[in-house]
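Enquirer: sequence and predicted structure below; questions after.
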Amino acid sequence: MVLAVPSAAEVLVPETYLKKRKADEKAAAVAAEKRAAQRKAQKIQRQAIFKRAEQYVREYRSKEQDEIRLRRQAKSHGNLYVPAQPKLLFVIRIKGINDIHPKVQKILQLFRLLQINNGVFVRLNKATSQMLQIIEPYVTYGPPNLKTVRELIYKRGFAKVNGMRIPISDNALIQDNLGKYGVICVEDIIHEIYTLGTHFKEVNNFLWPFKLNNPSAKDSWRPRKFKHYVEGGDAGDREDYINKLVQAMN
């Protein structure tokens, strides 16, 4: 007995298979459309970030040129140019936990300086100035320049997200946590910190305290480390020399 083989047109495909194939095709189309929209949004965001970076560079250069112009103008009139008092400080803890007064310990906690070689940005005002005087034997500080701020954030920058220390490896992380403040990239963070922007507090709290190394051999701590800087030690205000120290610890 010979059995008849059904033709391709007569083969019956299960209805469940047809539904699944249709659903898969629809899901693939939706996913492709979503990827295309995401690529377009990323391209627009990259362009916006690039424009912001250019704007910040022009702003920084304009500020530098104004400083040079004012110095030259003062010199031409036989005067001395006195720059404005710094409003941004970078504070580094240099002393451990032994024999610390509770008030000092509390201020160090408020500044988030929980370990030796921890560093944080601090806005200088009357309150922070008074607190720095109390903890001066345990920290060293000074006004950071733009290079120092940029290198700290790029090389040592970590974000605090849900109490966890996460490396800043993607602008998406910044946008998810600071996008509501108009901060969407690393250059925005640098600008907010360096210029003490409107959302300095939120951006600074987003950054985990910087963990620095001990200074390199040629710039190591002085023998009388806990004396004031002007007395041959390392503690207290070292003004612009903070940038050299950070370079040695970064």
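Expert: Okay, I see it.
Enquirer: any idea how this protein splits into domains?
Expert: Here the domain assignment for the chain is 14-83, 88-157+208-249, based on automatic domain parsing.
Enquirer: make CSV out of those and add mean neighbour count.
Expert: Glycine gets a C-beta too; all of them are placed from N, C-alpha and C. Below are those laid out as CSV (neighbours: other Cβ atoms under 10 Å):
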stretch, mean neighbour count
domain 14-83, 11
domain 88-157+208-249, 16
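Enquirer: tell me which of those domains sits nearest to Glu187.
Expert: domain 14-83 (4.7 Å; Cβ to Cβ).
Enquirer: the domains of the chain: lowest mean pLDDT?
Expert: Of all these, mean pLDDT reaches its minimum on domain 14-83 (a mean of 83).
Enquirer: so the residue nearest the centre of the chain is in which element?
Expert: Ranked by distance to the mean C-alpha position of the chain (Cα atoms, centre = their mean), the top residue is Ile153 at 4.2 Å. Following DSSP states H and E, the helix or strand that holds Ile153 is helix 146-156.
Enquirer: equivalent analysis for Ala32, please.
Expert: For Ala32, the host element (DSSP H and E) is helix 15-76.
Enquirer: wait, the residue nearest to the centre of the chain touches Glu192, no?
Expert: No. At 10.5 Å, Ile153 does not count as touching Glu192 under the criterion of Cβ atoms under 8 Å.
Enquirer: contacts only, for the nearest residue to Pro86 once chain neighbours are set aside.
Expert: The spatial neighbour of Pro86 that comes closest, neighbours along the chain excluded (Cβ to Cβ, 6 or more residues apart in numbering), is Pro143 at 3.5 Å. Under the criterion of Cβ atoms under 8 Å, 6 or more residues apart in numbering, the neighbours of Pro143 are 86, 88-90, 239-240, 242.
Enquirer: from those residues, which land in strands?
Expert: Assigned to strands by DSSP state E, the following of these qualify: 88-90.
Enquirer: name the nearest of those relative to Tyr60.
Expert: Using Cβ to Cβ, Leu88 is the member of these that lies nearest Tyr60, at 13.9 Å.
Enquirer: tell me the contacts of the closest one?
Expert: 121-124, 143-144, 193-194, 196.
Enquirer: if we can go back for a sec, state the distance from the residue nearest to Pro86 to Lys227.
Expert: Distance of Pro143 to Lys227, given as Cβ to Cβ, to the nearest Å: 21 Å.
Enquirer: again, but for Gly163
Expert: Distance from Gly163 to Lys227, by Cβ to Cβ: 37 Å.
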